[in-house]
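**Q** Show me how the following folds:
(one chain, ligands or ions: 1)
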Amino acid sequence: MVDAAGINAAVVQSIGHHIPPGRQTNDELALVIDTNDEWIRTRTGVRTRSRAAADEPTSVLAARAGAAALLGAAGTEIDTVVVATTTPDMKCPATAPLVADDLGLTGVTAFDVNSACTGFLAGMSVASGLIAAGSSRGVLLIGAEKYSSSVYELDRGTAPIFGDGAAAVVIRPGEAGEDGAIGRVHLVSDGALRYLAHVKAGGSHHPFSADMDPHDPYLRMDGRALYRHAVAKMAETCQDTLRARGVGVDEVDMLVAHQANARILKEVAGKLGVDPDKALVDLADIGNTAAASIPIALSRAHHRGGLRPGDTVLLTAFGAGAAWGSTLLRWPAMASTATSTAARELSQTGANPFEHRSTP
Ligand code: UT7
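**A** Now for the predicted structure:
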């Protein structure tokens with residue numbers, strides 16, 4: 001449990017997700033804004049986007065995902081809940097205490113991490129630091145977003161892209177060398193790029209006012225510039241991580257990048273020299289779920305049998321801030337915890353992209 005330097009390693013023990021069943025199709029969106037199914041499919045890879053119900057705020061999505069992850073975490077006492085989100089239930093308080101309360105976790109530390117689409121990686125770094133310092137014996141880390149609440153419905157630059165959902169991991173103390181151990185998380189930011197993706201109104205710089213533009217309380221995005229930076233920075237940080245960990249690009253079994261746009265994911269793989277088939281693309285039915293996108297992609301791949309114990313998984317994200325990062329994870333063996341959502345999805349869609357990867 002304690003390594004040579006006397007420091008606990010943090011290990012991913014279990015994973016689960018919750019995707020609300022509601023979907024908005026491209027054709028439905030085209031009734032509201034000047035767009036069409038063909039453009040959205042070919043430019044982003046999105047066919048439908050997930051939509052949570054009006055009475056299902058981010059904390060509820062998070063709690064459902066958290067409950068799914070806790071099913072596989074026998075023996076771990078959760079004393080910390082971290083929620084990575086940019087769509088909190090309220091500006092204040094944080095969402096994590098609400099989630100802890102919903103889950104019946106009393107007396108725990110609970111706080112949010114806001115690093116936009118890089119939030120889950122930032123959360124991994126925080127969680128592993130808390131465990132390494134002996135401050136926590138078990139962290140429930142959740143990426144959760146209700147982006148339908150943060151997108152201006154008439155904005156053709158964001159409305160086609162974003163969706164709602166959550167996924168969670170339980171992180172426990174363990175050995176540095178074991179599968180699931182969280183090593184160095186490479187995190188970078190550049191605040192000079194703050195306007196690439198931002199919500200203008202509601203903060204201390206631009207409080208809500210009677211004369212604000214109706215778009216101001218919602219997300220604005222310079223899509224083309226973000227695209228360029230996202231490809232360059234995700235490839236760069238992945239190269240840094242591979243170099244620092246002494247892992248060759250050919251040793252990567254799966255590249256799980258923040259699910260912003262299917263084209264971005266293939267371009268990052270191409271730039272890195274990773275076989276494009278190893279770049280997980282998992283956004284067609286739900287869209288871009290920001291801080292939730294990496295754990296959702298991992299959880300769905302896990303529950304569909306696409307991730308096997310010992311697989312080397314390269315994680316990377318880029319988003320508002322700008323903030324970006326990467327890490328490597330050797331996928332751990334986990335108790336089978338097919339969530340109700342995962343089971344329902346599999347029975348609904350029928351097609352399982354990982355069917356050829358038979359579990360050992
Ligand atoms: O998760 C946070 C990080 N976010 C990202 O990384 C997002 C990165 N950016 C993107 O995914 C893409 O830039 C978008 C999907 C947002 C936009 O795709 P694009 O290929 O960069 O489009 P564009 O803005 O360069 O526009 C190309 C064309 C333009 O028409 P013209 O000038 O070529 O005639 C746009 O007017 O596509 C048009 N267009 C649309 N057409 C139909 C732009 N938005 C739409 C739309 N429907 N929704």
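**Q** Kindly report the residues of the stretch 151-300 of the chain close to the ligand.
**A** 156-157, 160, 197, 223-224, 226-227, 230, 260-261, 264, 288, 290 (Cβ under 6 Å from any ligand atom). Quick note: C-beta positions are derived from backbone N, CA and C, even for glycine.
**Q** Out of these, which sit inside strands?
**A** A197 (DSSP state E).
**Q** Serialize the residues of the stretch 151-300 of the chain next to the ligand to TSV and add fields for pLDDT.
**A** Shown next, in TSV, are those (pLDDT from 0 to 100):
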residue	pLDDT
R156	95
G157	95
P160	96
A197	98
G223	96
R224	96
L226	97
Y227	97
A230	98
A260	97
N261	96
I264	97
N288	98
A290	98
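**Q** Got a quick ChimeraX command for the buried subset of the residues of the stretch 151-300 of the chain next to the ligand?
**A** Buried residues within those, by 16 or more other Cβ atoms under 10 Å, are selected in ChimeraX with:
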select :156,157,160,197,223,226,227,230,260,261,264,288,290
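**Q** For N114, state which of the residues of the stretch 151-300 of the chain next to the ligand is nearest.
**A** A290 (10.6 Å; Cβ to Cβ).
**Q** Return the residues in contact with the closest one.
**A** By Cβ atoms under 8 Å, 6 or more residues apart in numbering, A290 lies in contact with 85-87, 116-117, 119, 143, 145, 147, 162, 258, 319.
**Q** from the residues you listed, which ones fall inside helices?
**A** Here DSSP state H is the test, and those give G119 as lying in helices.
**Q** Pick out the most distant pair among the contacts of A290.
**A** Farthest apart among the contacts of A290 by Cβ to Cβ are T87 and H258. That separation is 15.3 Å.
**Q** Between the two, which is the more surrounded one?
**A** H258 (32 against 25; other Cβ atoms under 10 Å).
**Q** That one - nearest residue in space that isn't next to it in sequence?
**A** A317 (3.7 Å; Cβ to Cβ, 6 or more residues apart in numbering).
**Q** does that neighbour count as helix, strand or coil?
**A** strand (DSSP: H, G, I helix; E, B strand; the rest coil).
**Q** who's in contact with the lengthiest helix in the chain?
**A** Longest helix in the chain by number of residues (criterion: DSSP H): helix 223-245. Surrounding helix 223-245, the residues in contact under the criterion Cβ under 8 Å, 6+ apart are 157, 183-184, 186, 188, 193, 196-197, 248-249, 252, 255, 257-258, 260-261, 263-264, 267-268, 271-272, 314, 316-319, 322, 324-328.
**Q** quick one on the thing from earlier: for R330, see how far away the residue nearest to H258 is.
**A** Distance check for A317 against R330: by Cβ to Cβ, to the nearest Å, it reads 19 Å.
**Q** out of the two, which sits in the busier spot?
**A** A317 (31 against 18).
**Q** OK, contacts around that one?
**A** 117-118, 120-121, 234, 257-258, 293-294, 324-326.
**Q** Equivalent analysis for L70, please.
**A** If you count contacts by Cβ under 8 Å, 6+ apart, L70 has them with 14, 16, 78, 103, 140, 168, 170.
**Q** same check, this time on A110
**A** 80-83, 94, 96-97, 99-100.
**Q** Of the residues you listed, which is the most crowded?
**A** V83 (34 neighbours).
**Q** quick one: it and V139 touch, right?
**A** No - assessed by Cβ atoms under 8 Å, V83 is found out of contact with V139, at 11.1 Å.
**Q** Which of the contacts of L70 has the largest number of neighbours?
**A** Using other Cβ under 10 Å as the neighbour criterion, A168 leads the contacts of L70 with 34 neighbours.
**Q** Quick check: A10 vs R220, distance?
**A** A10 is 36 Å from R220, by Cβ to Cβ.
**Q** ok, the two, which is more surrounded?
**A** Taking other Cβ under 10 Å, A10 and R220 do not tie; A10 has more neighbours (28 against 17).
**Q** Am I right that the more buried one is in a helix?
**A** No - going by three-state DSSP, the assignment for A10 is strand, not a helix.
**Q** and whatever residue of the stretch 51-200 of the chain ends up closest to the ligand, what does it touch?
**A** Closest to the ligand within the stretch 51-200 of the chain is R156: 3.7 Å, counting by Cβ to the nearest ligand atom. Going by Cβ under 8 Å, 6+ apart, R156 touches 33-35.
**Q** how about the closest residue to the ligand within the stretch 1-150 of the chain, secondary structure?
**A** Distances between the stretch 1-150 of the chain and the ligand by Cβ to the nearest ligand atom are smallest at T35, namely 3.3 Å. Each residue gets one of three states, and T35 gets coil by three-state DSSP.
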